[in-house]
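Colleague: Test case, fold it:
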Amino acid sequence: MERNATQQWTIWTSISQAVMDFGLLVKFKLSLMVLFSALISYAIAAGGHVSWLGMTLLAIGGFLVTGAANALNQVLERDYDRLMPRTANRPVAAGRMSISTAVLWAGMMALFGVTILSLFNPLTGFLGMLSLISYAFIYTPLKRSSPLAVLVGAIPGALPLVIGCTAWNGAMTTTAMMLFTIQFLWQFPHFWAVAWLADEDYKRAGFQMLPSRTGAKNSTTGLLSFLFCLLMIANAFLGYWTGFSGAVATGVLVLINGYFGYRCWQLYRECSQSAARRQMFASFLHLPLSLIVLLLDNI
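Modeller: This next block holds a predicted model:
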């Protein structure tokens, strides 16, 4: 009896570890954030009158494509992940999952994910594949050679919003472009705040994520973050001018962007860890609040 109990415990422990490792491989929390962007943009494009079957297929396809991109990212960066305490426990870096297993998972997720997205229309499937390739094979290697990696990474980072729109109407519309611009611009102050806080880790791995020429933590990061917030405010007015958003929604977006800009200005003035942390948390609130405002505006 004791031996059977030990074997059952060992099996259960192995299964639990495998499930946890899969979650780490696909960066489960990050994938859910990406999925939220795609689903809410789908709802915005539909004016709130969504197809629940469409939402389900988009959720599955989007999650699989995002998971595949994250898995390939960990395969390519496994040697660098080992150098950073924040990422050293990832399954490929820690040696709990072989490279071939991770690549197999990535291949299967990419195949099924792009296939599911293509059920909507060819454009949605193409954009899903484009986001995967640009994230895994362009942004990932560029992180060690240039701060421009943030610019490149902002493109696949914003494509889920476009994918959500094209899944509904099958075309590049004003709504799709405006939503892309919102998330594209948002990523710069968001990523730079994260890079500021994780600067020591990134330097161990040789990643160049901060915008200053020397890669140092200085006022350049806060100033550029603030300028991108000004661009987001201008983009909110552009949305009103094009008919993308109403007057009330535009006013709320300006306030949200203004608060975000205030936090970025604090980083510019203080150049401190606490200011960077406040900017990062402001970014976590900014994007979902902005998208919810636009959804309510379109219902």
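
Colleague: Which neighbouring elements make contact with the helix or strand in which L104 is found?
Modeller: Using DSSP states H and E, L104 falls within helix 99-118. Applying 3 or more Cβ pairs under 8 Å, 6 or more residues apart in numbering; DSSP states H and E, we find helix 99-118 packed against helix 2-25, helix 52-76, helix 91-94, helix 122-134. No exception for glycine: its C-beta is placed from N, CA and C like everyone else's.

Colleague: Phi, psi for the closest residue to G170 other than its chain neighbours please.
Modeller: Using Cβ to Cβ, 6 or more residues apart in numbering and skipping residues adjacent in sequence, the residue nearest G170 is N121, 4.0 Å away. With angles defined as degrees, to the nearest 10, N121 sits at phi -170, psi 160.

Colleague: and N121, what is it in contact with?
Modeller: T166, A167, G170 (Cβ atoms under 8 Å, 6 or more residues apart in numbering).

Colleague: Now for the last one, how many residues are close by?
Modeller: In this case it means G170. Around G170 there are 13 other residues, counting by other Cβ atoms under 10 Å.

Colleague: Tell me how this structure divides into domains.
Modeller: 20-172, 173-299 (automatic domain parsing).

Colleague: which one of those lies closest to T13?
Modeller: domain 20-172 (10.5 Å; Cβ to Cβ).

Colleague: ok, back up a step: dump the contacts of N121 to a markdown table, plus secondary structure.
Modeller: Below are the contacts of N121 laid out as a markdown table (DSSP: H, G, I helix; E, B strand; the rest coil):
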| residue | secondary structure |
| --- | --- |
| T166 | helix |
| A167 | helix |
| G170 | coil |
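
Colleague: List the contacts of S290.
Modeller: I182, W186, L253, I256, N257.

Colleague: Hmm, I typed the wrong one, I wanted K217.
Modeller: Contacts for K217 (Cβ under 8 Å, 6+ apart) come out as W196, D199, L210, C271.

Colleague: I'd like to know which of these is nearest to S98.
Modeller: Closest to S98 out of those is D199 (31.5 Å), distances taken as Cβ to Cβ.

Colleague: Please tell me I have it right and the closest one contacts F207.
Modeller: No: D199 is beyond contact range of F207, at 9.6 Å (criterion: Cβ atoms under 8 Å).

Colleague: before we move on, back to that, can you lay out the domains of the chain as JSON lines showing distance to T13?
Modeller: Formatted as JSON lines, the domains of the chain follow (distance: least, Cβ to Cβ, whole Å):
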{"stretch": "domain 20-172", "distance to T13": "11"}
{"stretch": "domain 173-299", "distance to T13": "29"}
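
Colleague: I'd like the ones you listed written out as a markdown table, with mean pLDDT added.
Modeller: Conversion of those to a markdown table gives the following (pLDDT from 0 to 100):
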| stretch | mean pLDDT |
| --- | --- |
| domain 20-172 | 93 |
| domain 173-299 | 92 |
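
Colleague: if we can go back for a sec, Provide the contact partners of the helix holding L104 at residue level.
Modeller: 22, 25-26, 57-58, 60-68, 71-72, 74-75, 78, 91-92, 124-125, 127-129, 132, 163, 167.

Colleague: Please apply the same query to stretch 262-282.
Modeller: With Cβ under 8 Å, 6+ apart, stretch 262-282 has contacts from 189-190, 193-194, 196-197, 217-219, 221-223, 225-226, 228-229, 259-260.

Colleague: please redo it, this time with the cut-off set to 6 Å
Modeller: P189, A193, V194, W196, L197, S219, G222, L223, S225, F226, C229, F260 (Cβ atoms under 6 Å, 6 or more residues apart in numbering).

Colleague: related to what we said a few turns ago, mind checking which of D199 and F207 has more residues around it?
Modeller: Per other Cβ under 10 Å, whichever of D199 and F207 has more neighbours is F207, with 23 against 19.

Colleague: neighbours of the spatially closest residue to the more buried one that is not a sequence neighbour, just the number please.
Modeller: In space, and not counting its chain neighbours, F207 is closest to K143: 4.7 Å by Cβ to Cβ, 6+ apart. With neighbours defined by other Cβ under 10 Å, the count for K143 comes to 23.
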